[in-house]
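In: Got a predicted structure here, sequence first:
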Amino acid sequence: MRPGAGNLITDVPGLMVGNAQDLALKSGSTVLVAQRPFVAGVSVMGGAPGTRETDLLAPDRLVQEVDALVLSGGSAFGLDAASGAADRLREMGRGYRIGGHHVPIVPGAILFDLTNGGDKGWVQNPYKALGRAALDAAGPDFALGTAGAGTGATTQGLRGGLGSASAVLENGMTVGALVAVNAVGSPIVPGSRAFWAAPWELGQEFGAIPLPRRFPAGAEPAPTKGLRAATTIAIVATDAVLTQAQATRMAIAAQDGIARAVVPSHTPLDGDLVFAAATGERPLADPVADAYRLGHAAAACLARAIARAVFCATSLPGDLLPCWRDLAE
């Protein structure tokens, strides 16, 4: 397993990502879109999710493909980012065709960043415009860290952010991950600068800092963020041909990536969610063995993407928490 050319989810051919953010608001939105509709699944393991159109991703539903996936800040207000993306897709002639109309299918998930020190005194919900702008910005390259849905994200004691990573497997398939990290838990080992995801690092993508030989013993984690003020939301993607059921299994497997990179994770205070996307370019040579490899790669990529999100985060005026790079060495 090696990183793709850009070490981004857009190393999966055909995928594009766009960010839009408002630095005064300290929030933003991120849109993943492809050149054509793609199969998608979802897994929700956190206790406080905020979602749009996730029910239709069940394998027994009528619609089997989506037009885009949206990650956004803003708590429930941020769900409107998917509406902005859907409006723009409709203008582009994209969407499920029925009765002479195009109905874009745009599932989304949000994180809570309303109490991060940004100006939230808006009169009109800003997230619809942010979702539209993020779609218009979609391309193969995009910023990590304090960008898009990760602009105002925080973790336990540190700024969070937007992260991505990719891997090319020995069978030629590509897997990528995109994540907005806003967890109750910590991405680093207490008392150190080492990332919990260190065993999964490829090269020096987040500093190559080894884990301590011994971890702090006896400490019980206590949330330092407000109730429901958290959530890690992610997308894992591949160029494999997958059914919606297989995509759902890949999303479930990828949840292990959150558990490897954030301690604790999947808490009642988080809305941890993983979408899975499959562009359908490479048939599975062995449905069982290849699905096994894809699930493992998705979890590894997501763990790496989480660490990269925090590693790349930068400070904004009025921040309530420091960035990882501000920690003393």
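Out: Good, I have the coordinates. Numbers count the residues shown, from 1 in each chain.

In: residues near Arg213, how many?
Out: Neighbouring residues of Arg213 were enumerated by other CB atoms under 10 Å; the total is 5. C-betas here are computed from N, CA, C, even on glycine.

In: Now it: phi and psi?
Out: In this entry, Arg213 is assigned phi and psi values of phi -70, psi -30 (degrees, to the nearest 10).

In: cool, and Leu211?
Out: Here is the backbone geometry of Leu211 (degrees, to the nearest 10): phi -70, psi 150.

In: tell me the secondary structure for Ala180?
Out: What DSSP: H, G, I helix; E, B strand; the rest coil gives for Ala180 is strand.

In: ok, now which ones touch it?
Out: 30, 71, 73, 111, 148-150, 153, 160-162, 232-234, 309 (CB atoms under 8 Å, 6 or more residues apart in numbering).

In: go on, Leu144?
Out: If a contact means CB under 8 Å, 6+ apart, then Leu144 has Gly150, Gly161, Leu162, Gly163, Ser164, Arg308, Ala309, Cys312 as its contacts.

In: Need the pLDDT of the residue nearest to Thr155 when sequence neighbours are not counted.
Out: Closest residue to Thr155 in three dimensions, ignoring its sequence neighbours and counting by CB to CB, 6 or more residues apart in numbering: Ala183, at 4.9 Å. With respect to pLDDT, Ala183 scores 93.

In: coming back round to it: restricted to strands, list the contacts of Ala180.
Out: Of these, the ones assigned to strands by DSSP state E are Thr30, Leu71, Gly161, Leu162, Thr232, Ile233, Ala234.

In: Local confidence estimate at the closest residue to the fourth one other than its chain neighbours?
Out: To tie it back to what came earlier, the one meant is Leu162. Setting aside the residues directly before and after it, Leu162 is nearest to Gly150 in space (CB to CB, 6+ apart), at 3.1 Å. Predicted confidence (pLDDT) at Gly150: the value is 97.

In: distance of Gly150 from Asp326?
Out: 17 Å (CB to CB, to the nearest Å).

In: Settle it for me: which of those two has more neighbours?
Out: Comparing Gly150 with Asp326 by other CB under 10 Å, the one with more neighbours is Gly150, at 35 against 13.

In: List the residues that contact the more buried one.
Out: By CB under 8 Å, 6+ apart, the contact set of Gly150 is 28, 30, 73, 144, 160-163, 180-182, 309, 313.

In: low-scoring stretches of the protein, by residue?
Out: 215-228, 328-329 (pLDDT under 70).

In: Not counting stretch 48-58 itself, show me its contacts.
Out: With CB under 8 Å, 6+ apart as the test, stretch 48-58 has contacts from 40-42, 44, 61-63, 66, 70, 75-76, 78-79, 82, 105-112, 228, 230-231, 244, 248, 268-273, 275.

In: Specify the beta-bridge partners of Tyr96.
Out: Beta-bridge pairing of Tyr96 under DSSP bridges involves Val103.

In: Tell me where the protein has strands.
Out: Applying DSSP E to the chain gives strands spanning 15-22, 27-44, 51-52, 65-72, 96-98, 101-103, 108-110, 161-168, 174-182, 231-240, 273-282.

In: Format those strands as TSV; extra columns: distance to Ile9.
Out: TSV is the format used below for these (distance: least, CB to CB, whole Å):
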stretch	distance to Ile9
strand 15-22	6
strand 27-44	7
strand 51-52	20
strand 65-72	11
strand 96-98	24
strand 101-103	25
strand 108-110	15
strand 161-168	5
strand 174-182	3
strand 231-240	5
strand 273-282	9
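
In: Which among those strands is found nearest to Ala300?
Out: Nearest to Ala300, of all these, is strand 161-168, at 6.7 Å by CB to CB.

In: Please name every helix or strand in contact with that closest one.
Out: Taking 3 or more CB pairs under 8 Å, 6 or more residues apart in numbering; DSSP states H and E as the contact definition, the neighbouring helices and strands of strand 161-168 are strand 174-182, helix 287-312.

In: can you tell me how far Thr232 sits from Arg36?
Out: When CB to CB is the yardstick, Thr232 and Arg36 sit 28 Å from each other.

In: between the two, who's got more neighbours?
Out: The neighbour count for Thr232 versus Arg36, taken as other CB under 10 Å, is higher for Thr232 (34 against 11).

In: surely Asp290 meets Leu284?
Out: Yes - with contacts counted by CB atoms under 8 Å, Asp290 reaches Leu284, the gap being 4.2 Å.

In: Alright, that wraps it up for me.
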